[in-house]
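Visitor: Dropping a prediction and its sequence here:
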Amino acid sequence: MNVLVTGGCGFIGSNLVKYLRKNRPDWKIVNLDKLTYAGNLENLSEFEGDPKHVFVRGDIGNQELVEHLMAQHSIDAVMHLAAESHVDRSILGPEVFVATNVLGTQRLLEASRSRGIKRFLMVSTDEVYGSLGPTGAFTEQSPLQPSSPYSASKTSSDLVALAYHHTFGMDVVVTRCSNNYGRYQFPEKLIPLMVVNALHDKPLPVYGDGANVRDWLHVEDHCAALTLALEKGKAGEVYNIGGGAERKNIEIVKAILSLVGKPETLIKYVKDRPGHDRRYAIDPTKIKRELGWSPSQTFEQGLAETVKWYVENRSWWERVTSGAYRQYFETQYRAR
Ligand code: NAD
Ligand code: TDX
């Protein structure tokens with residue numbers, strides 16, 4: 001099997017490439033990534049010279065390039081992860097979210113259609129469902145009510161992918177996953193940001209009252225689910241993926257401080273994120289029942305291992321926190 005993985009140098013993508021090389025060693029992976037601020041080829045340095053991992057720097061929106069790669073490598077299936085992924089950035093500058101997530105995805109779908117790709121896995125998000133009240137969980141039938149420019153752009157790409165199935169008969173499977181955590185996550189997202197700030201004795205910025213809830217999933221459990229969805233999912237179907245680990249943000253921040261041995265006085269409540277979704281929770285019954293997936297890691301164990309990885313891999317996050325990244329954060333904090 002020859003698979004085109006888009007966004008394979010990002011957080012989930014690089015974990016997915018490692019997962020596939022280990023668990024599907026016969027597959028050839030062509031990794032198409034633009035290397036935006038979030039893409040880091042160093043994550044995959046162990047595959048230098050590996051004939052089963054071909055890296056190509058390029059844009060998913062470059063249809064000619066994508067079609068050429070599909071022909072050159074006899075691509076059977078696409079696992080589409082490339083995206084602008086950070087909600088706060090989408091509030092500061094929505095345009096690139098529409099360009100990459102919506103138009104980029106449509107061009108990738110069009111290239112796949114014209115090359116007769118056998119299966120297209122669209123990696124979407126639970127944020128398409130919007131925000132929940134204090135009870136209940138998102139099912140695949142929940143209404144789509146995205147709040148941020150990021151989630152609106154992901155909802156659009158999710159629906160365009162499904163439209164390619166309904167209209168053109170393309171074999172498309174959509175997955176909608178909850179918040180991932182694990183190694184190689186860019187330190188703009190909650191968990192790595194809090195670890196890095198705590199290690200620097202810098203304030204830990206908690207938005208609003210800190211009581212917003214996310215449903216956490218270890219990235220390796222997500223990679224296993226994506227592989228199953230690619231292999232066994234039914235065309236035109238949507239599968240929710242969630243770890244069953246709902247936590248308030250403040251609980252996570254306190255757990256991180258305790259793991260790195262720093263005081264809670266570092267916690268700083270800051271102005272809330274505009275349009276901040278209050279609670280996400282996933283009902284993963286369908287993927288468990290139909291594809292036999294279940295998460296293997298508990299959140300407490302996974303969080304402790306993840307924090308340890310960041311403590312032990314300081315050089316990794318010091319390199320990715322480049323000047324451009326710092327400038328972005330200055331803008332963020334000035335806005336608050
Ligand atoms: P990320 O930001 O860490 O990585 C995104 C990758 O896509 C980067 O390597 C970047 O260089 C690449 N990229 C961006 N624009 C591109 C373009 N135009 N052409 C080619 N490559 C491009 O993101 P992530 O957290 O790994 O998320 C991966 C996917 O999973 C995204 O589609 C995201 O919406 C989805 N998702 C993420 C989470 C999460 O918690 N992180 C949860 C659910 C769904
Ligand atoms: O500094 C912070 N302080 C804070 O309180 C940051 C960065 C976040 N938060 C809060 C906001 C959210 O309630 O923590 C929660 C998690 O925030 P993020 O890590 O930015 O993730 P979220 O907005 O939930 O979106 C993530 O999950 C769904 C990913 O970034 C998306 O790509 C994915 O689709």
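Guide: In hand now; what should we look at? These numbers come from a predicted model, not from an experiment. Ligands and ions are numbered 1, 2, ... in the order given.
Visitor: Now name the helix or strand holding residue 54.
Guide: Using DSSP states H and E, residue 54 falls within strand 53-57.
Visitor: Over to residue 121?
Guide: Using DSSP H and E, residue 121 sits within strand 119-125.
Visitor: That strand pairs with which strands, and in what direction?
Guide: When pairs are called by DSSP bridges, strand 119-125 turns out to pair with strand 77-80 (parallel), strand 172-177 (parallel).
Visitor: What residue, apart from its backbone neighbours, is nearest residue 36 spatially?
Guide: Leaving aside its chain neighbours, residue 36 sits nearest to residue 84 (7.5 Å; criterion: Cβ to Cβ, 6 or more residues apart in numbering). For the C-beta atoms, the positions are set from N, CA and C on the backbone; glycine is no exception.
Visitor: Count the residues that sit near the one you found.
Guide: Counted with other Cβ atoms under 10 Å, residues neighbouring residue 84 total 24.
Visitor: Next, it: secondary structure please.
Guide: Taking DSSP: H, G, I helix; E, B strand; the rest coil as the rule, one finds residue 84 in the coil state.
Visitor: Distance check, residue 84 against residue 143.
Guide: For residue 84, the distance to residue 143 (Cβ to Cβ, to the nearest Å) stands at 24 Å.
Visitor: Residue 175 contacts residue 224, doesn't it?
Guide: No: using Cβ atoms under 8 Å, residue 175 is not in contact with residue 224, being 11.7 Å away.
Visitor: For those two, work out which one has more neighbours and name it.
Guide: residue 175 (24 against 19).
Visitor: returning to that earlier point: next, format the strands paired with strand 119-125 as CSV and append distance to residue 252 and mean pLDDT.
Guide: As requested, the strands paired with strand 119-125 are exported to CSV (distance: least, Cβ to Cβ, whole Å; pLDDT from 0 to 100):
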stretch, distance to residue 252, mean pLDDT
strand 77-80, 28, 99
strand 172-177, 18, 98
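Visitor: Whether the longest helix seen in the chain contacts ligand 1 - can you check?
Guide: If you go by DSSP state H, the chain has its longest helix at helix 149-168. Yes: interface with ligand 1: helix 149-168 contributes residue 154 (Cβ under 6 Å from any ligand atom).
Visitor: how about that helix as CSV, C-alpha atoms only?
Guide: The C-alpha coordinates for helix 149-168 follow below in CSV (Å, rounded to 0.1, in the frame of the first residue of the first chain):
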residue,chain,number,x,y,z
PRO,A,149,-12.6,30.6,12.3
TYR,A,150,-10.5,27.5,12.8
SER,A,151,-13.5,25.2,13.5
ALA,A,152,-15.6,26.8,10.8
SER,A,153,-12.8,26.1,8.3
LYS,A,154,-12.5,22.5,9.5
THR,A,155,-16.3,22.0,9.3
SER,A,156,-16.2,23.3,5.7
SER,A,157,-13.4,21.0,4.7
ASP,A,158,-15.1,18.0,6.5
LEU,A,159,-18.4,18.8,4.5
VAL,A,160,-16.6,19.3,1.2
ALA,A,161,-14.9,15.9,1.7
LEU,A,162,-18.3,14.3,2.4
ALA,A,163,-19.7,16.1,-0.7
TYR,A,164,-17.0,14.4,-2.9
HIS,A,165,-18.4,11.1,-1.6
HIS,A,166,-22.1,11.9,-2.1
THR,A,167,-21.7,13.8,-5.4
PHE,A,168,-18.8,12.0,-7.2
